[in-house]
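Chemist: let's see this in three dimensions:
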Amino acid sequence: MTDAHLADDLSPATRLVALGRQDRLPGAGVNAPLEFSSTYIADGPVNYARAGNPTWSAFEEALGSLEGGEALVFASGMGAVAAALSLVPHGGTVVVPAHAYNGTTALLDRLEEQGAVRVRRLDAGDTATVPDLLEGAAMLWVESPTNPMLEVFDVPGLCAAARERGVLSVCDNTFATPLVQQPLTLGADLVLHSVTKYLAGHSDVILGALVTPATDHGRGLRDRLATHRLLHGAIAGPMETWLALRGLRTLHLRVERATATAADLASRLEGHPAVERVRYPGFGAIVAIDVDGGAEAAERVAAACRLWTHSTSLGGVESQVERRRRHPAEPATVPQGLLRLSVGIEDVEDLWRDLDRALRA
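Modeler: Okay, here's the model as predicted:
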């Protein structure tokens, strides 16, 4: 693979293109190999594909460099979530935002019902409670911005407070991407990605990843997570991983375009007669709007869109819209009329005309 020291002086945009490549030997391919073998000749670094794969290594090299640590790829974002939560001792307490990805909160709810963990909810607007919430906890789980309310947390402050109390901190960086923030540099112990979203970027793979610091503490965590992946079988397919690496090559271009469009649309939506509130943190490519008229009106808007895709994911090249409370797992504090807009890379005027027409209909 690429010389790791090469990345030290490169910008993130260049790293995305340069890392995870084969060595530059005469006749070598410029792309990482797509390795489909399940079994390897004895006495090598890997003897079975559940433990390792050259295609994994290429992707992990690139993502690890972007986040400033060492990455592990998983079969799905939820596979990565489950692995991260495996670090919590039985009966331990997890502090999690009141609004977070509903797959994460649903798993925490299930684990709490089974007595495996205890859950404390963190309100983004009430930071004064942070010391009490962290007291005696095992893990702090952070999303910033949150899904789908787009609340922004003080990640360095939260991670510092957790570290002072010996609490392991995990940051889901799916929405922001490593191009906006690198949580390891902000004090987090572990970074999580649903690779399905922005990193892969084309709505054609299911994949997850975790990144740990390149320190003794971080490598200890990585060993435990790699063992969890091995024993629980949460392994990524080589084809999906190769596609994700290919998608990673254009992450900077896609995020740059989608972010500029999202900021433009958020500005235009302010004051729209059909919109009660615009939620936009000032960065990233996700915008949320509260539609006047509640659930029924929001569903009509989503159904009326012709260019925006009415679907449940995000981070793809296509723009997507969805009313989040149609999912029972969403907290009751998420407004019934909230639409989450995942802005893609289409022309901004086309997106605006389609959305404005649907809102006015």
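Chemist: tell me where the protein has strands.
Modeler: Counting by DSSP state E, the chain has these strands, from start to end: 69-74, 92-97, 117-122, 139-143, 168-172, 190-194, 208-213, 275-279, 286-291, 309-310, 320-323, 338-342.
Chemist: mind putting those strands into a markdown table with mean neighbour count and mean pLDDT?
Modeler: Where C-beta positions appear, they are placed from N, C-alpha and C, glycine not excepted. Below are these laid out as a markdown table (neighbours: other C-beta atoms under 10 Å; pLDDT from 0 to 100):
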| stretch | mean neighbour count | mean pLDDT |
| --- | --- | --- |
| strand 69-74 | 25 | 98 |
| strand 92-97 | 22 | 98 |
| strand 117-122 | 18 | 98 |
| strand 139-143 | 26 | 98 |
| strand 168-172 | 26 | 98 |
| strand 190-194 | 28 | 98 |
| strand 208-213 | 27 | 98 |
| strand 275-279 | 17 | 98 |
| strand 286-291 | 24 | 98 |
| strand 309-310 | 17 | 98 |
| strand 320-323 | 24 | 98 |
| strand 338-342 | 26 | 98 |
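Chemist: dump the ones you listed to CSV, plus distance to residue 226.
Modeler: Shown next, in CSV, are the strands of the chain (distance: least, C-beta to C-beta, whole Å):
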stretch, distance to residue 226
strand 69-74, 6
strand 92-97, 21
strand 117-122, 22
strand 139-143, 19
strand 168-172, 16
strand 190-194, 13
strand 208-213, 10
strand 275-279, 37
strand 286-291, 31
strand 309-310, 36
strand 320-323, 33
strand 338-342, 31
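Chemist: out of the ones you listed, the one nearest residue 130 is which?
Modeler: Closest of the strands of the chain to residue 130 is strand 117-122, at 7.1 Å (criterion: C-beta to C-beta).
Chemist: mind saving the C-alpha coords of that closest one as PDB?
Modeler: Provided in PDB are the C-alpha atoms of strand 117-122 (Å, rounded to 0.1, in the frame of the first residue of the first chain):
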ATOM      1  CA  VAL A 117     -26.600  -1.200  29.800                       C
ATOM      2  CA  ARG A 118     -28.100   1.900  31.400                       C
ATOM      3  CA  VAL A 119     -28.900   4.900  29.300                       C
ATOM      4  CA  ARG A 120     -28.800   8.600  30.200                       C
ATOM      5  CA  ARG A 121     -30.100  11.200  27.700                       C
ATOM      6  CA  LEU A 122     -28.100  14.400  27.000                       C
END
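Chemist: distance of the spatially most central residue of the chain from residue 61?
Modeler: The residue lying closest to the centre of the chain (C-alpha atoms, centre = their mean) is residue 174, at 1.8 Å. Computed as C-beta to C-beta, to the nearest Å, the residue 174 to residue 61 distance reads 20 Å.
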